[in-house]
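[1] Need a 3D model of the sequence below.
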Amino acid sequence: KVRVLSQRQKGELNLATKQLSTRANIVGRSVNTHGGSSAIEQSSYISRTTMYSEQDGRNYYPKYSEDLVHTEVMLPANAPPEYSDPAVLWNSVEKIEKAKDAQLARTFRVELPNEWTYNLAIETMRDFVKRNFTDVGMCAQFAIHDSENKNTGQRNLHCHIMLTLRGIDEQGKWMPKQKKVYLKDENGERIPLIDKATGKQKVDKQNRKQWKCSTIPTNDWNSKEKVGMWRKDLADTINSVNEQIGNTENFWEHRSFKEQGLDIEPQIHLGEKASALERAGVKSIRGDINRDIIARNAIIINARIALEEAKKALEELAALPVTIVGTIINEIIEVLRKVAERNKGRLKLKVAGSKYLAFVSDKSKLQNLEYMENYVHKIGVSTYEELEKYRLGIEPRYGELISERKKLKKQSEHFTHLLDLYNDYEPYYKIHAEVSSKRGIAYYRAKKKHSIELMQYEVKRKAIKDAIEGTNKNITPGKWRDELKKIDESIDGIDKQFTEVATELARIEVLEHNKKELKLILENENHIAKKKEIIREGRGL
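    I've put the predicted structure just below:
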C-alpha cells in the first residue's frame, strides 16, 4: 500500500531530493514516433528474446542479454489468456492496426532505486502496473533491467513497460480507439452535412443522408494528465517503499524542474547506442552534452546558494540598528566615487592589456558610476577580497565555454566537410544509380558511356567514407544536416553564455582597475602637495 510522504515528513527524515527519471513514448508506424516502428521489435528488445513478427515476416533478435532481471505480461479481466505470451499479444496488436501511420503501443521507461533487491523491484513494479494499467483495461508487459557502467561502476536499475492503446470488450475482442458522435443543434437534432455546390444535404453511395459528426477517444489513456498521474504515483510508490525498508537517502520528486520553479536544465536522453558506449567507458556526443548540462547546472545551483546567502546577509543587515549600519562602508563603492570625483564623474577603463573589455559592445556603461555601483550591490560584495573570490568563482566557466566552443566548432567543421564532399559526390551518385537501374545491353552501353563518371563515383565515394569518423560508414547527408543544425544552435547558445560571462568579468576587471588607478591618483596628488609645500617653504625663506 502506497503511503505518500508530505514535505514535512520528508524534512523529518532528512532526505535529499532525487529527480524521478521517466520517459514515455509511442511505438508506431509513423516516422515521427520515438518508441520504434514495431511492437514486436520493442517487445523483443525489452524481454531480450527472439520474436517473430507476422506483420512483416521478420525475426527480431535482442540486442543485449546480460542485463535482464525479469519480464512478464499482465492482463486485464477480459483479455484472452493466450495474450500472456508476448508474441501472441503484440502480433494481435499489429494485426488489428490497419493504418500505415497507426499507433501500436505506449512505452514507459522508469528509473528505480539502485539499492533495491530484484525481488523488491519485481513486486513493486507488478503492483504499480496492476494499479495504474491492467486494472483500467490495458494489457501490459514489463521488464526489469540492471546494467552497470564499466568505467564508473555506477549501477542502473530500471524498468521498461509496454502498454496497449485499445481496450478489450467482454468477448475478449479489441475495442476501437475512438467512436463517432453526431453533432446536434440547440433542439437536440442532428445537424445535416451540406454540399456547398448544391446547397443540399450530402448522401453516400447508398443514398443515405450524411450528418455532421466528430470522433472522440474511447478512453483517456492518451492524455498528458495521465502521464503526470503515473509519474506522481510512481514517485509516491518509491518513497513509500523506501520508507518501509529504512532507505532514508533520497526523496523522489516527480515534478519537473519547471514545475518546481527551478531554472535547472534537464539532461537529454542518451539512447541505446550512446548508453552502450558510456557503459563501456567510451564517451559519446550525447554523453558529452549531458556532462555539459551537469556543469552548467552546478553553476546555477552554486549561484542560487550564493543568492540565498546574500539574502540572509541582507536580512541580518536590515535587523541592525541604524547607527551601526551607518558605520558599514563598502570599500569598492568608496573607491569608485573617489575616482569619479577626480575624472569628470566617470570611471577609468583598462584600455591596454584588458582581457575581457573587447567583448563588451557598450563600454560607456562601464564608465558610468551609477551603473557600476548598482552592479556592486547586485553581486553583494563590499571588499576587494570578496570581489576576488567572486571572480575566481566565475573565471573557470569562461575557459570551459571557450573549450566547449572549440569542440563544437570542430564537430561543425567535420559535418560541413562531409556535406561538401557529398555535394561533389551527389551528381556521380545519381549517374551510378541510373546506370545500375538498367538491364541487359542497355546496362553495358550506359556503363561504357559513363565510364569516367562511374570512376569519379568510386573515388568520391571512397573520399566520403574515409572522412566519416567511427565504424559506421553509412553516407547519410540528412542526418549530417540535422547534426550540423543542432551543433550550430549549440554554438549560438554558447556564444550567448560566453558574452554574458565575458561581460561579467569585464565589469570586475574595471572595478579592480579603478582601485589601481586611485592609488596612482592619490600618489600623484600627494607628490604635487609635497611639491607645493616645498615651494611655499622656499618663498617663506
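[2] How far does the host helix or strand of Ile332 sit from its chain's centre?
    Using DSSP states H and E, Ile332 sits within helix 331-342. Computed by C-alpha atoms, centre = their mean, to the nearest Å, the chain-centroid distance of helix 331-342 equals 46 Å.
[3] now the longest helix along the chain: mean pLDDT?
    When the chain is parsed with DSSP state H, its longest helix is helix 477-540. Throughout helix 477-540, pLDDT has a mean value of 88.
[4] And for stretch 350-365?
    82.
[5] Mind listing what's buried along that stretch?
    Lys350, Ser354, Tyr356, Leu357, Phe359, Val360, Lys365 (16 or more other C-beta atoms under 10 Å). Glycine gets a C-beta too; all of them are placed from N, C-alpha and C.
[6] Pick the one among the residues you listed closest to Tyr428.
    For the buried residues of stretch 350-365, the minimum distance to Tyr428 (C-beta to C-beta) is 45.6 Å, reached by Phe359.
[7] Kindly provide the distance from that closest one to Glu434.
    Using C-beta to C-beta, to the nearest Å, we find Phe359 at a distance of 53 Å from Glu434.
[8] picking that back up, so the longest helix of the chain versus helix 331-342, what angle?
    60 degrees (axes from the mean of the first three to the mean of the last three C-alpha atoms, to 10 degrees).
[9] and helix 477-540, what does it pack onto?
    helix 331-342, helix 369-379, helix 384-436 (3 or more C-beta pairs under 8 Å, 6 or more residues apart in numbering; DSSP states H and E).
[10] how about the strands in the chain?
    16-19, 22-28, 51-53, 58-60, 68-74, 103-111, 140-148, 155-164, 178-182, 213-217, 250-253 (DSSP state E).
[11] Now render these as JSON lines, adding mean neighbour count and distance to Glu97.
    Below are the strands of the chain laid out as JSON lines (neighbours: other C-beta atoms under 10 Å; distance: least, C-beta to C-beta, whole Å):
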{"stretch": "strand 16-19", "mean neighbour count": "13", "distance to Glu97": "35"}
{"stretch": "strand 22-28", "mean neighbour count": "19", "distance to Glu97": "9"}
{"stretch": "strand 51-53", "mean neighbour count": "18", "distance to Glu97": "13"}
{"stretch": "strand 58-60", "mean neighbour count": "14", "distance to Glu97": "17"}
{"stretch": "strand 68-74", "mean neighbour count": "18", "distance to Glu97": "19"}
{"stretch": "strand 103-111", "mean neighbour count": "22", "distance to Glu97": "6"}
{"stretch": "strand 140-148", "mean neighbour count": "21", "distance to Glu97": "17"}
{"stretch": "strand 155-164", "mean neighbour count": "22", "distance to Glu97": "11"}
{"stretch": "strand 178-182", "mean neighbour count": "11", "distance to Glu97": "13"}
{"stretch": "strand 213-217", "mean neighbour count": "11", "distance to Glu97": "15"}
{"stretch": "strand 250-253", "mean neighbour count": "19", "distance to Glu97": "35"}
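[12] Out of the ones you listed, flag the one nearest Glu370.
    Glu370 lies closest to strand 16-19 among these, at 40.7 Å (C-beta to C-beta).
[13] ok, residues contacting stretch 169-180?
    Contacts of stretch 169-180 with the rest of the structure, by C-beta atoms under 8 Å, 6 or more residues apart in numbering, involve 78-80, 92-93, 96, 165-168, 213-219.
[14] Put the buried members of those into a PyMOL selection.
    Filtering the contacts of stretch 169-180 down to the buried ones (16+ other C-beta under 10 Å) takes a single PyMOL command:
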select buried, resi 79+92+93+96+165+166+167+168+219
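[15] right, and Glu115 touches Ile238 too?
    No: contact criterion C-beta atoms under 8 Å: Glu115 and Ile238 do not qualify, at 10.8 Å.
[16] If you count surrounding residues, which of these two has more?
    Neighbours per residue (other C-beta atoms under 10 Å) separate Glu115 from Ile238, with Ile238 holding more: 25 against 13.
[17] from memory the more buried one sits against Pro113, does it?
    Yes: between Ile238 and Pro113 there is a contact under C-beta under 8 Å: 6.3 Å.
[18] give me the number of residues near Asp236?
    Should you count by other C-beta under 10 Å, Asp236 turns out to have 17 residues around it.
[19] again with the one 5 residues further on
    Other residues near Val241 number 21, with proximity taken as other C-beta under 10 Å.
[20] Check it and give its pLDDT.
    pLDDT at Val241 comes out at 87.
[21] In space, what's closest to it - neighbours in sequence excluded?
    Thr124 (5.5 Å; C-beta to C-beta, 6 or more residues apart in numbering).
[22] likewise Tyr457?
    Going by C-beta to C-beta, 6+ apart, Tyr457 has Tyr428 as its nearest residue, at 3.8 Å.
[23] ok, now Ile402?
    In space, Ile402 is closest to Phe498, 7.4 Å off (C-beta to C-beta, 6+ apart).
[24] show me where pLDDT drops low in the stretch 101-250 of the chain?
    Residue ranges of the stretch 101-250 of the chain with pLDDT under 70: 149-153, 248-250.
[25] what are the ranges of the helices in it?
    Using DSSP state H, counting those that start in this stretch, the helices found in the stretch 101-250 of the chain span residues 118-132, 224-245.
[26] Make CSV from these and add distance to Gly188 to it.
    Output for those, formatted as CSV (distance: least, C-beta to C-beta, whole Å):
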stretch, distance to Gly188
helix 118-132, 38
helix 224-245, 30
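[27] Now for the spatially closest residue to Ile508 that is not a sequence neighbour, how many residues are close by?
    Once flanking residues are discounted, Ile508 sits nearest to Arg391: 4.9 Å by C-beta to C-beta, 6+ apart. Arg391: 17 surrounding residues under other C-beta under 10 Å.
[28] Just confirm Arg391 contacts Leu505, I think it does.
    Yes: Arg391 is in contact with Leu505 according to C-beta under 8 Å; the separation is 6.9 Å.
[29] what's the pLDDT at Ile329?
    pLDDT, Ile329: 74.
[30] Check Arg255 too.
    With respect to pLDDT, Arg255 scores 58.
[31] just Tyr45 next, same as before
    So, for Tyr45, pLDDT stands at 91.
[32] Lys344 too?
    Listed pLDDT for Lys344 reads 89.
[33] Tell me the spacing between it and Asn114.
    Distance, Lys344 to Asn114, using C-beta to C-beta: 65 Å.
[34] re the thing from before, which one of the buried residues of stretch 350-365 is nearest Gly399?
    Tyr356 (12.5 Å).
[35] Burial check on the nearest residue to that closest one once chain neighbours are set aside, number of neighbours?
    Nearest residue to Tyr356, sequence neighbours excluded (C-beta to C-beta, 6+ apart): Ala506, at 3.9 Å. Ala506 has 22 neighbouring residues, counting by other C-beta under 10 Å.
[36] Surely Ala506 and Lys365 touch.
    No: look at Ala506 against Lys365 with C-beta under 8 Å: they stay out of range, at 10.0 Å.
[37] Surely Trp221 is in contact with Arg166?
    No: here Trp221 lies out of contact with Arg166, judged by C-beta under 8 Å, at a distance of 9.3 Å.
[38] May I have the residues that are in contact with Ser38?
    Listed by C-beta under 8 Å, 6+ apart, the contact partners of Ser38 are Val27, Ser53, Gln55, Asp56, Tyr60, Glu94, Leu104.
[39] Show me which of Lys344 and Asn114 is the more surrounded one.
    Between Lys344 and Asn114, counted using other C-beta under 10 Å, the more crowded position is Asn114 (12 against 6).
[40] check contacts around Ala24.
    Arg106, Thr107, Phe108, Arg109, Val227, Trp230.
[41] Tell me the one of the contacts of Ser38 nearest Ile329?
    Proximity of the contacts of Ser38 to Ile329 (C-beta to C-beta) peaks at Val27, which lies at 67.3 Å.
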